[in-house]
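Q: need a structure here:
(one chain, ligands or ions: 1)
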Amino acid sequence: MKVQPPPANRAHEETLDPRDWADARALAHRAVDDSIAYLRDIRDRPVWRDMPREVRSSFETPLPRLSMPLSDVYREVAETVMPYPMGNIHPRFWAWYMGSSNFTGALADFLAAVQGSNLGGGDHAAAKVDEQVVNWCKEMIGFPRSASGTLVSGGSMANTVALIVARNVKAGIDVRELGVAAIEKPLRFYGSDQIHSCHRKAIEAMGLGNGALQRIATGSDLRIDLNALGASIAQDRMAGFQPACVIGNAGTVNTGAIDDLQALADLAKKENLWFHVDGCIGALIAIAPKNAHRVRGLEHADSVALDPHKWLHAPFEVGCVLVRDAAAHLASFSVAQEYLEKTTRGIASAEWLYEYGLQTSRGFRALKVWMALKEHGVEKFGRLIDQNIAQGHYLDGLIALEPLLESVAPATINIVCFRYRPPGLDEVALKRLNVEIMIRLQEDGIAAVSDTTVRGKHCLRVAINNHRTRRSDLSLLVREVVRLGREIGIRDEAESN
Ligand SMILES: *Cc1c(COP(=O)(O)O)cnc(C)c1O
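A: Numbers count the residues shown, from 1 in each chain. As a prediction, the model looks like this:
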């Protein structure tokens, strides 16, 4: 009996493509027009605003089961999402440590999604763009072309990938096969007491335990104390540990302190340690002509984590890890997969990019970096970094001129720590007052700053990683902090009477 082919014409087959391409085009044009206005008028809107109850409850509706016109979905986005941003693209957002995004990057994210390529690898143009961006990152920080690297979600993953390679190289056994329990002498990693929390997460996830990360004291400049580091390494060797890796900070998240990277490179060499630099804030200072000297020594690292979504202002997310010894990098992550065998021709004929990290599928995050670098040129990005650092010093100067403000950690780069300090208040009262100032600045939509504690002193922290900030924004901040400080102080006094 002959088998009949199934009837193709009567099957009802669906697709996600628009029913009407003309409608789709009109809506996309409107979204672009709205986006241009959104960015153009950013200064006229509050940095942040609280979401009304109706908006919050609009995010609690159940799973949509049936269809709805895209124009209605877009209207909802325009009404409930776009007006309530975190605020980091605003010229007066200086909280934590973010980038402020850029239009070209947004366009690139759209185009990348339109092409939809998977950067797990393969022979296609997106993979070439990805490789080129990694090569440009090497070039920006003075790493050799022979180094390897990969784009990841951000600095945390970049640091994690690097520390995994460091562990595997220094373990003395095949950790991938045998696991950390088989390591003879427990490994020790070193970083300053200002190190970013992602290192702790990485060390824990690597199975070494938080105790394997030694926090070394810092001097009054909040840079790692090299004598204390040397002593700790010697002590650990005597106690039967295996010193494996020293992590240098090119810009700490607390105050922007930059460890003496040249000295750390020398020490790592002498002690036979892996030298990793967390450059999520400051590695890119290497492209800033007036400040590049601050990160000298970076180019000697075995691995570097850097963050294009910070000082290159790429829209979230994109981080980058570079490893000097490409073979060691590959040896930490490569796996032979039957279903991903390389061919001599065709899509599978190129290198698999997923063999340099933990992800298999990878987004086309390279395009937003690539397009912005082509459009502006690296020199402009370097000047913007210099500009933010000069603004940090400018703000320091304003604080010095204002008797009611106290500098807590003067800016070395673009992070300024200070507090409102009227006479006669103890530390607890000062903290309460400054937290209230910080929240009022946010709630009134004036500015977003965050807070921290430096050497036991609570303070406001201003991280100027923002290409839209002008000096006038910083003088406004100083005026508003003093105004709010007075206002809250008077209210508190009235309440306590
Ligand atoms: C931001 C930051 C990180 C983490 O990077 P993400 O991109 O947020 O994952 C790590 N180290 C330092 C010094 C940072 O500033």
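
Q: I'd like the mean pLDDT over the host helix or strand of residue 370, please.
A: Assigned by DSSP states H and E, residue 370 belongs to helix 366-376. Averaged across helix 366-376, the pLDDT comes to 98.

Q: Buried ones in that helix, by neighbour count?
A: Buried residues in helix 366-376, defined by neighbour count with 16 or more other C-beta atoms under 10 Å: 366-373, 376. Heads up, the C-betas are built off the backbone N, CA and C, glycines and all.

Q: quick one: is it near the ligand?
A: No: among the residues of helix 366-376, none lie within reach of the ligand under C-beta under 6 Å from any ligand atom; the closest is 13.7 Å away.

Q: can you give me how far the helix or strand just after that helix is from the chain middle?
A: Later in the chain than helix 366-376, the nearest helix or strand by DSSP H and E is helix 378-401. The chain centroid and the centroid of helix 378-401 are separated by 20 Å, computed with C-alpha atoms, centre = their mean, to the nearest Å.

Q: Remind me what helix 378-401 packs against, helices and strands.
A: Under the contact criterion of 3 or more C-beta pairs under 8 Å, 6 or more residues apart in numbering; DSSP states H and E, helix 378-401 touches helix 308-311, strand 405-409, strand 415-420, helix 471-496.

Q: Could you rerun that using 7 Å?
A: strand 405-409, strand 415-420, helix 471-496 (3 or more C-beta pairs under 7 Å, 6 or more residues apart in numbering; DSSP states H and E).

Q: partners of the host helix or strand of residue 248, with directions?
A: If you go by DSSP H and E, residue 248 is part of strand 242-249. Strand 242-249 has its sheet partners listed here by DSSP bridges as strand 187-192 (parallel), strand 274-279 (parallel).

Q: buried set for the last one?
A: Along strand 274-279, these residues count as buried under the neighbour rule (16+ other C-beta under 10 Å): 274-279.

Q: Please go through those residues and note which also touch the ligand.
A: The subset of the buried residues of strand 274-279 lying close to the ligand, counting by C-beta under 6 Å from any ligand atom, consists of residue 278.

Q: Tabulate the buried residues of strand 274-279 (a markdown table), appending pLDDT.
A: As requested, the buried residues of strand 274-279 are arranged in a markdown table below (pLDDT from 0 to 100):
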| residue | pLDDT |
| --- | --- |
| 274 | 99 |
| 275 | 99 |
| 276 | 99 |
| 277 | 98 |
| 278 | 98 |
| 279 | 98 |
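
Q: Near the ligand, which residues of the stretch 301-450 of the chain are found?
A: Counting by C-beta under 6 Å from any ligand atom, the stretch 301-450 of the chain comes close to the ligand at 307, 319.

Q: Low-confidence stretches in the stretch 301-450 of the chain?
A: Applying pLDDT under 70 to the stretch 301-450 of the chain flags no residue at all.

Q: can you rerun that using 80?
A: For the stretch 301-450 of the chain, residues meeting the criterion pLDDT under 80 lie at 336-340.

Q: Repeat that for the stretch 101-250 of the chain.
A: Applying pLDDT under 80 to the stretch 101-250 of the chain picks out no residues at all.

Q: Could you pull out the strands in it for me?
A: Taking DSSP state E, counting those that start in this stretch as the criterion, the stretch 101-250 of the chain contains strands spanning 148-152, 187-192, 213-216, 242-249.

Q: okay if I get the ones you listed as JSON lines plus mean neighbour count and distance to residue 93?
A: Written out in JSON lines, the entries for the strands of the stretch 101-250 of the chain read as follows (neighbours: other C-beta atoms under 10 Å; distance: least, C-beta to C-beta, whole Å):
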{"stretch": "strand 148-152", "mean neighbour count": "26", "distance to residue 93": "24"}
{"stretch": "strand 187-192", "mean neighbour count": "25", "distance to residue 93": "27"}
{"stretch": "strand 213-216", "mean neighbour count": "20", "distance to residue 93": "30"}
{"stretch": "strand 242-249", "mean neighbour count": "27", "distance to residue 93": "23"}
